[in-house]
Structure formats: C-alpha cells, structure tokens
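Participant: below is the structure, and that's it, no one-letter string:
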C-alpha cells in the first residue's frame, strides 16, 4: 500500500478509448490497495482549439481571460475521466486547481506555484476515493484562475506528490522511459532504469524533452521519486531520483542533440572590464536566454565574444545588438543558424576527467569538426555543423554505449 | 447612471459575430455611464455537445461530475465575451459562479441558490470594470460546482440584480418581448409594454416560455424590475413588475396554450374522506406534478377524479396507479393524451367576473367543446381536444384583443 500520484498528458486522454485505457491503469493501481491521485492535461488538441477560438475573437486577448478560457480544457478531462472510473465501478472525485487550493503568483499564462494545500485531497483519499486533479491550473491571491505554462501538468503532479508525501510520482507519456539517445536517430539507444535529477535536468535542456525542467527541479528540491513510463505498454519505466545505483562503468546516462541553435559573434570588442556584462545585460533585459558563451582574444588589443541562442531569437538578438552598437562598441557581427549542439550527460563524469576526450575522439573518428565546446560538472556540449549532427550523435552514443547494446 | 444586469442566452453568443453584437450592447450601456453586470449562458449547442461527450463515456454519470463538466460551457462564453469587450477598448473582467460565491444546495443538476455575495462584483464595478458572470452555476458547501438546471442563467441574473440592488435586470432573448399570444399561431398578437410578475408566472407555466418561472418568482420576491427584450433589435421590450399601469380595459395580458397535456380519470372511487389525499400523495412521492384536478359525483355512491399531467409522465402515472389499485380502490382508469390546455391570464380579471364567460363564448362561437375548466384568481384554463387548439387560441385572442389590433 502506497500513495501514488499519476500524471497523464493530453494524448493519453484524447478520446473515449484512451480515457478508458487511463481509467484502467488508475483503477488497477487502486485495486492493489494504493491511494491514487491523478493529474490530467486537457484532451488532445483542446488547448490549441481554445486558443484558436480566442484569437478569432481578439488577436491580443489579456492573459487573465486566456487563462479563464484555457483552464476549461483540464476541467473537461477530469470530469470525463471520473465518469469513466465511475462506469468501472470505483469511487472517484474530480477536483479543479482552485478546489485543491493550488496557489500561484499572478503571472497569467506562466504562473509559478506558491503554495498547495492538500487537505481536500487527503479528506477524499480518507474516504477511499480516487482523486482526479486538473493539471496546469491554479488561483492567485485575487482568486483568479492562472495557468502554469508549458509542462504545467507535470509540475502540478510533482507539487501534489511533494505536498502529500507520495511514495512515487508517475509521469505517463507516449514513450516508455528515458533513453541514452533519441531512438529515432540512434536505433540502438538503450532505455535507462534509473537517472539522477541533475542528469534529467541537463537532458531536458538539451532537447530530449521527456519531462519539463520545472517539474524535475521541483522533484529534486522536495525529494519526490519520479518515474517516466508509457501509458500504452504495461512495463517499468525510468526512475528519476537523487542518486542512482548504476554500475560504475556506465558513466554517461545519455547523449542528446539540439538542432535549434544559432550563434552570434561580436568581433573587435574593447579589451576592458565590463564588456561582457554590458552585452548580456542588454539581452537579459529583453528576456533572451543565452546558452554557451565563448570569449577569445582578438587582434590588436581587442577581444571577440561568441554565444548561442535559440534559433527563433536570432533576429531579435541581432536587432538588439545593432541598436546598441554604439554602447557596446563592437566592430563587426557575424551569425550562424546552421548549428547543432551535441551533448553527453552523466553524473559519473565528475570523477572521470577522461570522458570529454572520449567524446572528442568519437567525433574525430567520423570527421566532425567541433566549433565550440562547453562543459559543466555533469555535461559536455559541442557545437558542430547541423548537417553532421545525426552522424555525430550516433558516433558519440556508440563510443559510450556500444558495449551495452547486447543488453 | 444606473446599475444594470444584462443576461444573454446561448444563441446570443453562439459565434464570433453574435459575441460582438452582445459586446456592443454591453459597451453602449457602459458608455452611457451605467454600471454593467452581464450574465451569459454557454454558447449555442455547447451544453448539448458536452452532455453527448459525457454519455459516450458513461451513459449514467454522477450528477456531480456532470456539473463539473457542464459548467465549463459558461466559463468559455464569459472569457470569449470579455476578450471581445477588451478588443472594443473597454475595461472588463469575467467571473465564474464560484468566484462570485454563488452558494447553492447540493442538488447537482438542479441546485437552488442559497446565498450570493456581491463583494467581488462590487469591487470590480468600483474599479469601473464591466463584469461578466457565468450563469447557470454555483458552488455548494463542500466547494463543489453545481448547476442550476433549466433557465439557470435567468435565475443567476435575477439573483445578482437582487443582491446588487440593480435598477433593472434585462433578459435578452430572440423575441422582442412578451406577446398577448404566440405570434407564430396568432399573427395579430400584440407585444405588451408591461406585465405583472403573477401574470408572467401564469404565462410561463402555460407554455409561453419566455422566462423561467424560478427567475420570475425570485424577481417578484426581491422586487427586481425585469425587462424582456431582443438582442438583435434595439427597441424597448416588455417590463415585468409588481403592478402595471395598463389601462382598465385591457383586463387580459395574454392567451396561451399548452399541447403537452394528458388526462387520467379514476372511475368508481369510494365516496369517503381521504381518497384524494391518498391518490395525490402517492403521485407526489414519485415526484409527479399534477396540474388541473376535477372531482365529480359518480354512480352508486362513488365518485370520479380526473386530473392532468405532462404528457411524458403519463406512462409513469398509470403504472403507479395500477400498482396501488388495491389501496386506492378505484374500479376503472381511462386516459387521454390528445388534449390541449388554452388559458387566459390577467391581473385585471380579479374584479371582473365576466371574463371567463367571454372566453367560453369565444370557444362556443368556433364550435370548440370544453372538456375541463380550471380557474384561479388571474387565470382561466380550459382543456379541449388537441386538434382544435390553434383555432381555439385565435378565437380567444380575438375576443379580448381584436379591438387593439389597430395598435
């Protein structure tokens, strides 16, 4: 007997058949004697359809009214799922974000959770009810509905698991776990039984988006045990936790690539203190996220700075920089939007300094040229030409996981 | 400057064009300096579509989960309408039933309003916001969503008008007011400028369903001035209030018919006290509404009782009576489901005893046979053969309103 939080995404409840699939997973766990709390997203394309409806009325609606509108999507899901569970003969109750008193700040459309009171849920569990909670939504201090932004339902599930002291928080998806690389590109990628929070955070930010970073961060902070697993196949997924028990030899948990990368180089900057500060504060003011930063010595007592941004921000960034060329005092600017970032992630590399070299060797062996390098304690990233990204990913994956492909 | 509550039904907000029509009516009133509170129903067929979705999942869902589901319909309406008003450049905020703390009992699907706190609305009006409230929904003492049943949005509007002390509660519909008869049957029917609450109540229960009885009762109890008017034409509608200022000669406010009538006759009942009590208490226990009751003397020291019910209840009623034939001790039962009820309503008839006779004369003049008669202080109803109901309606209407058709 355990307390389990289960989260299902929109595609898992997109039609009647899928709703019953989810209802059966839930009731099976309940029948085994567990207390079961479920978090649901809106069905299939409901959110997109509601957005479309809104934009037909007003191309620029207030975010408050948008949240009022969008939160209906999850409310429909939870009611329908509860009805399916009733049909299967189990006691169940659905609850909205405001009914579980999920308190957020007032940043409509992308609100952060401030507080969550589990009293109502605990009372319902005490009555032996299965509890179905609407993901993605909360209320602010004015009593107005807010939504949590991308991956909001994952965050709701983890927050509930933390508040209720759940034994496990299961995130059901279309894939059956976290892999050492994207199986669509690297066919011999291996499913991991376990991964650490930090590794998961690095992988998520690298484009292997199984879980949203916010939910992983929250799980790490409150020590919530996460499991990523499939809603369509009944088999164990990948456990995400603080420390894994993987064998020593598997230093790397995964290899990922991100094709959504552009680089900007500012040439001929003055070699005086404060130059980098000025550049990146003007970008931060415009809410541009900068990823890798590389500073190098230029000619004639100047320096060059190269950094990467998401490709969709490239036009904005070049405009901002040009507008500020006088203040920033750079001579020239070049950009490149045909880049990919390939990364290896693994908590084991902290004590194994040879890991990065092995990665570079793998890239060299297939003739891939490295344009930039960035390292953190548990990650090594390289920027390469986008046309070579698939071959690079495979080569790096094989370097670290080839010996396990007989698994 | 006044405080006005405006209610719009589902067809008034069924698409973007209609939403803007409503938004313009609202903002025009606001621009004139009024405080404006708006109550909306779900768009067009949304409620029916949600019910259909639910029944696909579970043909017999709990009423609590059904209310959780259905209440999203109004929430979508209010958000979209608020967005339209934003687009027109006016300050606006939408609020759900729980946000205005509309408290109801726990009779899911057909809940009664217990309390309504206008604090949030008053605060928003004070900020000069137009306030858009979701009709049809509230919360019970457990903090669960309830819906108010048929005509629930009208009831919400009247309850808000009462709580806020509104100067006027305008119910916008597809018709432009209350008529002396159904204009589809009686082409020379006349729109009334005013009608009393009691007359409106009798007319609503007679099938001329412009307003739901619950909302009229509530308006009468709290002295709310109602106006029934068209959302598509900009002209005055019909005012519903306690006492009207109609001229003496217009004794009758309207003529209505109801084709949804069936009669049941119990023949050969014992002529002892308590017989009627037994019959109608067993029907009341089964929640059957009985309309007209007629008792007559039968043969050989027995009596006969005939009463009418809504046609859809006829099978249920005959089953109940047969099941209880031993206790009720009637000899025979006959039924008739080919009846219509034609009624005249008017507060003026209290002091004018000749009114009923004028009605009977009109029916006689077109050869319509009267099967049953029932009278109240402001109403006379007759039961006639259904095939003659249209001709009867016209004849009765012409009798009382022909002199006004030059209006």
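Facilitator: Happy to help now that I have it. Just so it is clear, the structure is predicted and the values come from calculations on it, not from any experiment.
Participant: from now on I want contacts and neighbour counts done on CA atoms only, so please keep to that.
Facilitator: Fine.
Participant: quick one, helices of the stretch 151-300 of chain A?
Facilitator: Assignment of helices within the stretch 151-300 of chain A using DSSP state H, counting those that start in this stretch yields the ranges A:152-164, A:197-205, A:213-222, A:275-285.
Participant: so which of those comes closest to chain B?
Facilitator: Chain B sits nearest to helix A:152-164 of all the helices of the stretch 151-300 of chain A, at 18.7 Å, using C-alpha to the nearest C-alpha.
Participant: could you give the angle of that closest one to helix A:213-222?
Facilitator: Between the direction of helix A:152-164 and that of helix A:213-222, the angle (axes from the mean of the first three to the mean of the last three C-alpha atoms, to 10 degrees) works out to 10 degrees.
Participant: could you check how far helix A:152-164 is from the centre of its chain?
Facilitator: Chain-centre distance of helix A:152-164: 14 Å, with C-alpha atoms, centre = their mean, to the nearest Å.
Participant: what's the answer for stretch A:135-145, then?
Facilitator: The gap between where stretch A:135-145 is centred and where its chain is centred comes out at 22 Å by C-alpha atoms, centre = their mean.
Participant: what comes up buried for that stretch?
Facilitator: Buried residues in stretch A:135-145, counted by 16 or more other C-alpha atoms under 10 Å in any protein chain shown: A:135-140, A:143-145.
Participant: same check, this time on stretch A:173-189
Facilitator: Neighbour-count burial for stretch A:173-189, with 16+ other C-alpha under 10 Å as criterion, is recorded at A:173-174, A:176-182, A:186, A:188-189.
Participant: could you export those residues as TSV, including distance to residue A:73 and pLDDT?
Facilitator: Converted to TSV, the buried residues of stretch A:173-189 look like this (distance: C-alpha to C-alpha, whole Å; pLDDT from 0 to 100):
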residue	distance to residue A:73	pLDDT
A:173	19	89
A:174	20	82
A:176	26	87
A:177	27	89
A:178	28	89
A:179	31	88
A:180	34	88
A:181	33	87
A:182	30	84
A:186	36	88
A:188	38	88
A:189	35	88
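Participant: using the three-state scheme, assign residue A:24.
Facilitator: Here residue A:24 takes the helix state, with states given by DSSP: H, G, I helix; E, B strand; the rest coil.
Participant: ok, it - how many residues close by?
Facilitator: Counted with other C-alpha atoms under 10 Å in any protein chain shown, the burial measure for residue A:24 works out to 15 neighbours.
Participant: and if you look at residue A:312?
Facilitator: For residue A:312, the tally of surrounding residues (other C-alpha under 10 Å) stands at 12.
Participant: list the residues that contact it.
Facilitator: With contact set as C-alpha atoms under 8 Å, 6 or more residues apart in numbering or on different chains, residue A:312 has these partners: residue A:260.
Participant: most remote residue from chain A's center?
Facilitator: For chain A, the largest distance from the centre (C-alpha atoms, centre = their mean) belongs to residue A:300, which lies 43.6 Å off.
Participant: was I right to think residue A:385 contacts residue A:340?
Facilitator: Yes. Here residue A:385 reaches residue A:340: they are 6.1 Å apart, a contact under C-alpha atoms under 8 Å.
Participant: comparing the helices of the stretch 151-300 of chain A, which comes out most buried?
Facilitator: Per-residue neighbour counts averaged over each of these give the maximum for helix A:152-164, namely a mean of 26 (mean count of other C-alpha atoms under 10 Å in any protein chain shown).
Participant: grab the longest helix from chain A for me.
Facilitator: When chain A is parsed with DSSP state H, its longest helix is helix A:63-87.
Participant: what angle sits between that helix and helix B:63-87?
Facilitator: Note on geometry: by the same axes, to 10 degrees, helix A:63-87 and helix B:63-87 are set 160 degrees apart in direction.
Participant: rounded mean pLDDT for helix A:63-87, please.
Facilitator: Along helix A:63-87, the predicted confidence averages to a pLDDT of 98.
Participant: so, in contact with chain B or not, that helix?
Facilitator: Yes. With C-alpha under 8 Å from any C-alpha of the partner chain as the measure, helix A:63-87 is seen reaching chain B through A:65-66, A:68-69, A:72, A:75-76, A:79-80, A:82-84, A:86-87.
Participant: low-confidence stretches in the stretch 301-407 of chain A?
Facilitator: Scanning the stretch 301-407 of chain A for pLDDT under 70 picks out A:350-351, A:353, A:403-407.
Participant: what's around the closest residue to chain B within it, how many residues?
Facilitator: Scanning the stretch 301-407 of chain A for the residue nearest chain B gives residue A:316, at 27.2 Å (criterion: C-alpha to the nearest C-alpha). As a burial measure, residue A:316 scores 12 neighbours (other C-alpha under 10 Å).
Participant: got the angle for whichever strand or helix holds it vs helix A:275-285?
Facilitator: Secondary structure here is read from DSSP states H and E; on that basis residue A:316 sits in helix A:314-323. For the pair helix A:314-323 and helix A:275-285, the angle between their directions (the same axes, to 10 degrees) equals 130 degrees.
Participant: from the contact counts, what lies against helix A:314-323?
Facilitator: Of the remaining helices and strands, those touching helix A:314-323 by 3 or more C-alpha pairs under 8 Å, 6 or more residues apart in numbering or on different chains; DSSP states H and E are helix A:275-285.
Participant: average pLDDT for the helix it packs on?
Facilitator: Per-residue pLDDT values over helix A:275-285 give a mean of 84.
Participant: tell me what it is packed against?
Facilitator: helix A:314-323, helix A:325-328.
Participant: from the chain's centroid, how far away is the longest one?
Facilitator: Taking the mean of its C-alpha atoms, helix A:314-323 sits 27 Å from the chain's own mean (C-alpha atoms, centre = their mean).
Participant: cool, stretch A:328-341 as well?
Facilitator: The chain centroid and the centroid of stretch A:328-341 are separated by 27 Å under C-alpha atoms, centre = their mean.
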